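1. Compute the structure for the input listed below.
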Amino acid sequence: MAGGPSTPALAAAVSEAGGLGFVAAGYRTAEQMASDIEEVRACTSAPVGVNLFVPGPGAADGDALAAYARELEPEASRYGTPLGPAHDDDDGWGAKLAVLRFAGVAVVSFTFGCPEAGVLEKLRGAGSEVWVTVTSPGEARVGAQAGADALVVQGIEAGGHQSTFDDRADPEGFGVLALLRVTRAVTELPLIAAGGLTDGPAVAAVLAAGAAAAQVGTALMLSPEAGTDPAQREALAGEDETALTRAFSGRRARGLRNRFMAEHGTSAPSAYPHIHHLTSPVRAEARKRGDADGFNLWAGQAHGLARAAPAGEIVRGLHRDARAALQAALAGRVGPEVGREDEPRPHAPSPEIGGPADPPAAARHHGRSPSR
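-> Numbering: from 1, shown residues only. Coordinates of the predicted model:
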């Protein structure tokens, strides 16, 4: 949700509706992140989380990067802007950690890797739970050993960047339901399911599969509180397919297929954030022109189920529809068209929204369900 769609207003609206709103710190300076946290707190007294990008190894294949830059020169000419400098950076890692040691937010979550145990310990000492995003059982073991309080289990259906620790590898790519089960086999930590969860029945499915909570992103991108670009809003409302690509940032990410992805997706090397900086001016100009073929349209596989409604209404609808789906499953029904209405139905208890595993303490203490 970093890079525009995530806003303080969106995080506050989610938390006010009973979820756990997250401030996206990616691509923001430490000062901007601190300002975003304060803006959320001015809107709600409910808990809030912050998500950080973990710096990568920094190395990139210089020859492959130079070749990709040459390939993109026509894109720069098309949009009348030079390519950006392809360079490494740590996204203000140290400065952001320093702010969060005093911010006392409910949760600090991490994407693209697992910090050292000492980093997690200091944040926990500041009153924050620490969650690590994982995409495989091996990564789950690393997060558990480092001392994470919970794991965000991201399936390959997820929109935006895949959170794999090493983007240069070629992972199997687990769907969220399978990943929940194989991750549960290696750790007892609470699991927060993410990836393609855009409606209530999908939330119910991951809760039934062992998740303590569901995390959503694409489901909120059509809300008025989201900072989603107008051209992307229009594209999200369509039926275009998604695909994984490194074309825009140098890291695998899922978005709607467009011209830029089709023309450059097979040649982009693994080089993040170098390619992110390289393509940034081109993408910015494409957005300015409203040209959805020239910038990243991050979206999960189930983007067609996203609703254009206030964020609070979306969160409450996910809760209501998940309850209904769980009740239908317990009653032995798949849908209203299955079975005859005059057939007896077994009695089913009214399920609570929550998985069989204990929820993370931040959610348990505040009586809230982590949603993004």
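2. Show me the chain divided up by domain.
-> 1-55+91-225+311-332+350-372, 59-89+229-309 (automatic domain parsing).
3. In three-state terms, label residue 235 for me.
-> helix (DSSP: H, G, I helix; E, B strand; the rest coil).
4. Return the most buried member of the domains of the chain.
-> Mean neighbour count (mean count of other CB atoms under 10 Å) peaks for domain 1-55+91-225+311-332+350-372 among the domains of the chain, with a mean of 21. (C-beta placed from N, C-alpha, C; glycine too.)
5. And the domains of the chain, which one averages the lowest pLDDT?
-> The minimum mean pLDDT among the domains of the chain belongs to domain 1-55+91-225+311-332+350-372 (a mean of 91).
6. Any idea how far stretch 318-330 is from the middle of the chain?
-> Centre-to-centre, stretch 318-330 and its host chain are 23 Å apart (CA atoms, centre = their mean, to the nearest Å).
7. can I get the CA coordinates of it in PDB?
-> Extracted C-alpha coordinates of stretch 318-330, given in PDB (Å, rounded to 0.1, in the frame of the first residue of the first chain):
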ATOM      1  CA  LEU A 318     -16.000  -7.800   5.600                       C
ATOM      2  CA  HIS A 319     -16.800  -8.600   9.200                       C
ATOM      3  CA  ARG A 320     -20.500  -9.100   8.500                       C
ATOM      4  CA  ASP A 321     -20.000 -11.200   5.400                       C
ATOM      5  CA  ALA A 322     -17.300 -13.300   7.000                       C
ATOM      6  CA  ARG A 323     -19.600 -14.100   9.900                       C
ATOM      7  CA  ALA A 324     -22.400 -15.100   7.400                       C
ATOM      8  CA  ALA A 325     -20.000 -17.300   5.400                       C
ATOM      9  CA  LEU A 326     -18.800 -19.100   8.600                       C
ATOM     10  CA  GLN A 327     -22.400 -19.600   9.700                       C
ATOM     11  CA  ALA A 328     -23.300 -21.000   6.200                       C
ATOM     12  CA  ALA A 329     -20.300 -23.400   6.300                       C
ATOM     13  CA  LEU A 330     -21.200 -24.600   9.800                       C
END
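8. so what does the host helix or strand of residue 318 touch, helix or strand wise?
-> Under the criterion of DSSP states H and E, residue 318 resides in helix 311-330. Other helices and strands packing on helix 311-330, by 3 or more CB pairs under 8 Å, 6 or more residues apart in numbering; DSSP states H and E, are helix 8-16, helix 200-208.
9. Tell me where the stretch 101-250 of the chain has strands.
-> Shown for the stretch 101-250 of the chain, the strands assigned by DSSP state E, counting those that start in this stretch span residues 107-111, 129-134, 150-154, 160-161, 191-194, 213-215, 242-245.
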